[in-house]
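>>> Sequence and predicted structure below; questions after.
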Amino acid sequence: MTKSVIAIDGPAGAGKSTISKMVAKQLKYIYIDTGAMYRAVAWRVLQEYKPPISTEQIIASVQDIDIKLSYDGKQNLQVETNGTNVTTEIRTPQVTALVSQVAAVGQVREKMVELQRNMAKQGKILMDGRDIGTCVLPNADLKIYLTASADERANRRAKQMAQKGYNIDVEKIKTDIIARDEADMNREISPLKKADDAILLDTTDMTIDEVLKTIIKMVQD
């Protein structure tokens with residue numbers, strides 16, 4: 001028997017989105033990329049203001065924001081912000097650098113959590129993020145905390161960015177990942193942490209296929 005709602009949390013670069021998409025596809029679940037939603041907010045902020053960005057500017061940008069997630073014919077996630085398709089734009093280094101700051105703002109999180117909980121009501125949902133099992137969906141049927149070493153996460157992220165044409169310094173990515181971990185784990189609102197009833201899955205020495213098989217078995221068990 002498969003579960004109705006699956007929550008996958010973990011730090012930046014742990015491979016949550018990649019694995020979540022694969023698991024959802026195999027189980028025929030709907031995958032909700034919460035990270036993309038926060039990235040959409042960060043993108044909107046950057047369209048209206050230049051760094052350094054203040055909390056007041058973030059709050060102003062989110063007041064009338066409308067975010068829609070959909071899938072094209074090839075099951076690729078499409079993200080729209082106030083009618084503009086920002087699927088590619090939300091993955092830039094500039095947006096990545098602002099995401100943690102945006103996600104730490106209470107008004108932003110309140111709006112996103114409301115949207116995410118409404119999406120989960122239909123069941124057969126897989127949602128990933130940093131506080132899904134602890135805050136957004138505390139009653140999820142299966143909770144997984146996906147992680148990997150900082151070195152491994154940096155290498156994965158560098159390969160991902162290189163495929164998109166960015167010239168990336170792996171050491172800088174590692175530094176940024178560690179800084180983001182600190183920011184996410186120590187923020188006052190919904191910090192990144194493993195839920196008490198979540199299963200810890202360290203993927204440092206695992207292939208994507210091994211991780212996929214492991215999670216599918218968790219669901220089946």
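Perfect, I can see it now.
>>> C-alpha from now on. contacts and neighbour counts both.
Will do.
>>> I figured Q107 hits I59, correct?
Yes - Q107 lies in contact with I59 (C-alpha atoms under 8 Å); the separation is 6.6 Å.
>>> R39: what's it in contact with?
90-91, 95-96, 99 (C-alpha atoms under 8 Å, 6 or more residues apart in numbering).
>>> whoops, E48 was the one
S61.
>>> partners of the lowest-mean-pLDDT helix or strand in the chain in the sheet?
Lowest by mean pLDDT, DSSP states H and E among the helices and strands of the chain is strand 67-71, with a mean of 86. Applying DSSP bridges to the sheet, strand 67-71 is found paired with strand 77-81 (antiparallel).
>>> Can you give the distance of the partner strand from its chain's centre?
Between the centre of strand 77-81 and the centre of its chain there are 14 Å (C-alpha atoms, centre = their mean, to the nearest Å).
>>> Following that strand in sequence, what is the next regular element?
strand 84-85 (DSSP states H and E).
>>> Tell me the strands beside that next one, with direction?
Counting by DSSP bridges, strand 84-85 is paired with strand 77-81 (antiparallel).
>>> circling back: including distance to I144 and secondary structure, could the contacts of R39 go into JSON lines?
JSON lines is the format used below for those (distance: C-alpha to C-alpha, whole Å; DSSP: H, G, I helix; E, B strand; the rest coil):
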{"residue": "I90", "distance to I144": "25", "secondary structure": "helix"}
{"residue": "R91", "distance to I144": "24", "secondary structure": "helix"}
{"residue": "V95", "distance to I144": "26", "secondary structure": "helix"}
{"residue": "T96", "distance to I144": "23", "secondary structure": "helix"}
{"residue": "V99", "distance to I144": "22", "secondary structure": "helix"}
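>>> and the residue nearest to the spatial centre of the chain, how far is that from N167?
Geometric centre of the chain, nearest residue: G35, 2.9 Å, by C-alpha atoms, centre = their mean. Per C-alpha to C-alpha, to the nearest Å, G35 is found 23 Å from N167.
>>> With respect to Q163, which of the contacts of R39 is nearest?
Nearest to Q163 among these: R91, at 12.3 Å, using C-alpha to C-alpha.
>>> Pull the contacting residues for that closest one.
R39 are the contacts of R91 under C-alpha under 8 Å, 6+ apart.
>>> Also Q107?
59, 62.
>>> what's the distance between D196 and L142?
With C-alpha to C-alpha as the criterion, D196 and L142 are 12 Å apart.
>>> Equivalent analysis for D202, please.
17 Å.
>>> Regarding stretch 125-137, how distant is the last residue from the first?
11 Å.
>>> Go ahead and measure how far it is from the middle of the chain.
Worked out by C-alpha atoms, centre = their mean, stretch 125-137 lies 9 Å from the chain centre.
>>> Ok, stretch 191-210 next?
14 Å.
>>> Show me what counts as buried in it.
191-195, 198-201, 203 (16 or more other C-alpha atoms under 10 Å).
>>> quick one: the strands in the protein?
5-9, 30-33, 67-71, 77-81, 84-85, 125-129, 142-147, 199-202 (DSSP state E).
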